[in-house]
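K.L.:
quick one, what's the 3D model for this:
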Amino acid sequence: MPQTVLLTDYAWPNDEVERRLIEGAGMRLVSGPSDPSPASVIEALVKQYQPSAIITCWAEVSEAAIAAAPDLKIVARLGVGLDNIAIDAATSRGIWVTNVPDYCIEEVSDHAVGFALAWTRGLLRFGTEVREGRWEPAGANLRRLAELTCGIIGFGRIGRATAAKFAAFGCKVLAHDPYADEAPVELVDLDTLLSSSDIVVVHAPLTLATRHMINRETLAMMPRGGLLVNVSRGGVVDTQAVVEALQSGHLSAVGLDVLEAEPNVPEELRLHSGAMLTPHVAFSSDASLLELRRRAAEEVVRVLAGEAPQQARNVPVQ
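P.N.:
From the prediction side, this is the model:
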């Protein structure tokens, strides 16, 4: 009987890439619904199919799901963040947890810079005004990006790529990351970054320590009229605090690719002219998705063949 791989969900039209690699290695692929199901549904699928491997995109792989598959050897994340996987439970049961940490560096950093360019050049506002029949260049009130300071929260691979791109535009770049010892830009504490930055870009992972890192108190530290960009995880930013900062004018705009309760967008945010919103697509391009899907599936094939994964995010108990 071939080993079974459960694909919990996927954010693309089909499972052809995953199926070709998994079945090409002599294993069986079982795919759940493309949209992420509740944890209870995933747990039921695990009990039903008893997989040796789980590949997940957005769906939660809970402690109960991990316990329901005695022969489970790996949980592979189709992405970077691991907040939807019970890592401790997997580790204690000798199960590998992997991700693909570097597949979308260019895409996410481009998205962050794109939000900033749209803001400084008024691209969304002018597009709307011209379509509504207004032609008022005298009221442009635009900014020169090269004269602004950009603060980057989270200085891993993507944060460094974002910094390089802002620096190429002539910006002063600051960074905050409690785990960074050195950087090609000035490393500062969070309060200094917030109070000194016209543009704040969030690249931090979602953890207990970073949940609502951006809140009423931290937003108040930013200079009035600035831009907040979040292309990491929705829970790092307090959505209601952002709405209030936009309504008061303390923030002139936000660029949000992620939200706390996706896909639900608060009406106050959706209707605000300063809110630039995209549906969690910063990671996406034809090239990045193909690389992501291939590498996640290859990790599963590697582990089920008895080899160690290349991108382990834990050290399983033996």
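
K.L.:
C-alpha coordinates for the longest helix belonging to the chain, CSV please?
P.N.:
Using DSSP state H, we find that the single longest helix of the chain is helix 286-304. Coordinates of each C-alpha in helix 286-304 appear next as CSV, following Å, rounded to 0.1, in the frame of the first residue of the first chain:
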residue,chain,number,x,y,z
ASP,A,286,3.7,32.5,-11.6
ALA,A,287,7.3,31.9,-10.7
SER,A,288,6.9,32.0,-6.9
LEU,A,289,3.9,29.7,-6.8
LEU,A,290,5.5,27.0,-9.0
GLU,A,291,8.7,27.1,-6.8
LEU,A,292,6.6,27.0,-3.6
ARG,A,293,4.5,24.0,-4.6
ARG,A,294,7.5,22.1,-6.0
ARG,A,295,9.7,22.5,-3.0
ALA,A,296,7.0,21.7,-0.5
ALA,A,297,6.2,18.5,-2.3
GLU,A,298,9.8,17.6,-2.7
GLU,A,299,10.4,17.9,1.1
VAL,A,300,7.6,15.3,1.6
VAL,A,301,9.1,12.9,-0.9
ARG,A,302,12.5,13.4,0.7
VAL,A,303,11.3,12.6,4.2
LEU,A,304,9.0,9.7,3.2
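
K.L.:
so what secondary structure elements neighbour it?
P.N.:
Here helix 286-304 touches helix 16-24, strand 53-56, strand 74-77, strand 96-98, going by 3 or more Cβ pairs under 8 Å, 6 or more residues apart in numbering; DSSP states H and E. No exception for glycine: its C-beta is placed from N, CA and C like everyone else's.

K.L.:
just put those in TSV and tack on mean neighbour count.
P.N.:
Shown next, in TSV, are the helices and strands packed on helix 286-304 (neighbours: other Cβ atoms under 10 Å):
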stretch	mean neighbour count
helix 16-24	17
strand 53-56	28
strand 74-77	28
strand 96-98	25
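
K.L.:
which ones are touching the residue nearest to residue 297 when sequence neighbours are not counted?
P.N.:
Closest residue to residue 297 apart from its sequence neighbours, by Cβ to Cβ, 6 or more residues apart in numbering: residue 21 at 4.0 Å. Neighbouring residues of residue 21 by Cβ atoms under 8 Å, 6 or more residues apart in numbering: 294, 297, 298, 301.

K.L.:
10 Å - rerun?
P.N.:
Residue 21 sits next to 5, 27, 29, 293, 294, 295, 296, 297, 298, 300, 301 when contact means Cβ atoms under 10 Å, 6 or more residues apart in numbering.

K.L.:
what about the last one, how many residues close to it?
P.N.:
In other words, residue 301. Residues near residue 301, counting by other Cβ atoms under 10 Å, number 19.

K.L.:
distance of residue 71 from residue 304?
P.N.:
10 Å (Cβ to Cβ, to the nearest Å).

K.L.:
quick one on the thing from earlier: mind putting the helices and strands packed on helix 286-304 into a markdown table with distance to residue 310 and mean pLDDT?
P.N.:
Formatted as a markdown table, those follow (distance: least, Cβ to Cβ, whole Å; pLDDT from 0 to 100):
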| stretch | distance to residue 310 | mean pLDDT |
| --- | --- | --- |
| helix 16-24 | 15 | 98 |
| strand 53-56 | 15 | 98 |
| strand 74-77 | 11 | 98 |
| strand 96-98 | 8 | 98 |
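
K.L.:
surely residue 9 meets residue 79?
P.N.:
No - using Cβ atoms under 10 Å, residue 9 is not in contact with residue 79; the gap is 11.3 Å.

K.L.:
centroid-wise, who is the farthest residue in this protein?
P.N.:
The outermost residue of the chain, judged against the average C-alpha position, is residue 138 (38.0 Å), by Cα atoms, centre = their mean.

K.L.:
my read: residue 318 touches residue 94, true?
P.N.:
Yes - the pair residue 318 and residue 94 passes the contact test of Cβ under 10 Å, sitting 6.2 Å apart.

K.L.:
so those two - more neighbours on which side?
P.N.:
Higher neighbour count among residue 318 and residue 94: residue 94, with 11 against 4, using other Cβ under 10 Å.

K.L.:
not counting sequence-adjacent ones, nearest residue to the more buried one?
P.N.:
With sequence-adjacent residues excluded and distances taken as Cβ to Cβ, 6+ apart, residue 94 is closest to residue 316, at 4.5 Å.

K.L.:
got it, and residue 13?
P.N.:
Leaving aside its sequence neighbours, residue 13 sits nearest to residue 34 (Cβ to Cβ, 6+ apart; 8.0 Å).
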